[in-house]
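[1] mind looking at a prediction? Sequence and model below.
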Amino acid sequence: MIPAGYFPAIGPSSGKAKHYTLVLGRPYDELVRELRAIARQTGVEVRGFHQMTADEVARTTGLTVKEARMAQQRETGEPFIFRKATPARIRAFRRTARERGYSVQKGGRFWHFSGDHDKGLALSALIGFYRVAWGTPIRTIALGDSGNDLLMLQLVDRPVLMPKPDGTFAQEVTSQMPDILRAKQPGSTGWGLALLQALRGNGRSGPKRLPSRKRSIG
């Protein structure tokens, strides 16, 4: 969702338009329908955002109930969980989804069901918009903590891997990017410190941990 007029060189938007939107995802109703169909076909039980109450989403995510209701107002992409599914059943589910033209990616708390697109494609489009608008090379930074961030992290100049709440790092990312910069702390504090250091342009050779709050990042 891009503010109207933000990239005037890309294309005009009407005076009545509130946003200029590039829709990469499939319609939400379609995704919900296909998620259920693939679950039936593979005999796997799933529970999506559309089936959860706002209280349930809030408990799972740490959001307030009000924020959870807002998170459930989706245009595209369906977070979901597998219920009592074996690794073999999950692989079968993902394989069937891929054959039908959909993507299933593992996130931090949920799995994510979407069309044949990813964060890398979205970020690539946005980077292209900036390059056209500014007419100059740009430096890019991305932070992520799970396997569904891999393509986005591989795309940018300065990728940063965030730890999960238990302090571990996503193996799907570390196996592909063993030298990626690793943040010291999870959550918003770690995110803020990691972004500040990335903006200050410290070196990125070898696997590193960014400093904790007790150490200077200047």
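    Arrived safely.

[2] from Gly62, how far out is the spatially closest residue to Ile2 that is not a sequence neighbour?
    The shortest distance from Ile2 to any residue other than its chain neighbours is 4.7 Å, reached at Tyr20 (C-beta to C-beta, 6 or more residues apart in numbering). C-beta coordinates here come from the backbone N, C-alpha and C atoms, glycine included. Tyr20 is 32 Å from Gly62, where distance means C-beta to C-beta, to the nearest Å.

[3] who has more neighbours, these two?
    Shown here are Tyr20 and Gly62; by other C-beta atoms under 10 Å, Tyr20 has more neighbours (19 against 12).

[4] all helices of this protein, in order?
    For the chain, the helices defined by DSSP state H cover 28-42, 54-61, 65-71, 87-99, 119-134, 150-155, 171-174, 187-199.

[5] domain map for this protein?
    As given by automatic domain parsing, the domain ranges for the chain are 28-115, 139-218.

[6] and the ones you listed: which comes nearest Ala122?
    domain 139-218 (8.0 Å; C-beta to C-beta).

[7] go ahead and measure how far the closest one is from the middle of the chain.
    Offset of domain 139-218 from its chain centre (C-alpha atoms, centre = their mean, to the nearest Å): 14 Å.

[8] i'd like the first residue to be 36 from this point on
    Renumbered: residue one is now 36, and that last one reads domain 174-253.

[9] now it: mean pLDDT?
    If you average the pLDDT over domain 174-253, you get 80.

[10] same check on stretch 132-145?
    Across stretch 132-145, pLDDT averages out at 88.

[11] now the end-to-end length of it.
    Distance between the boundary residues of stretch 132-145 (C-alpha to C-alpha, to the nearest Å) amounts to 16 Å.
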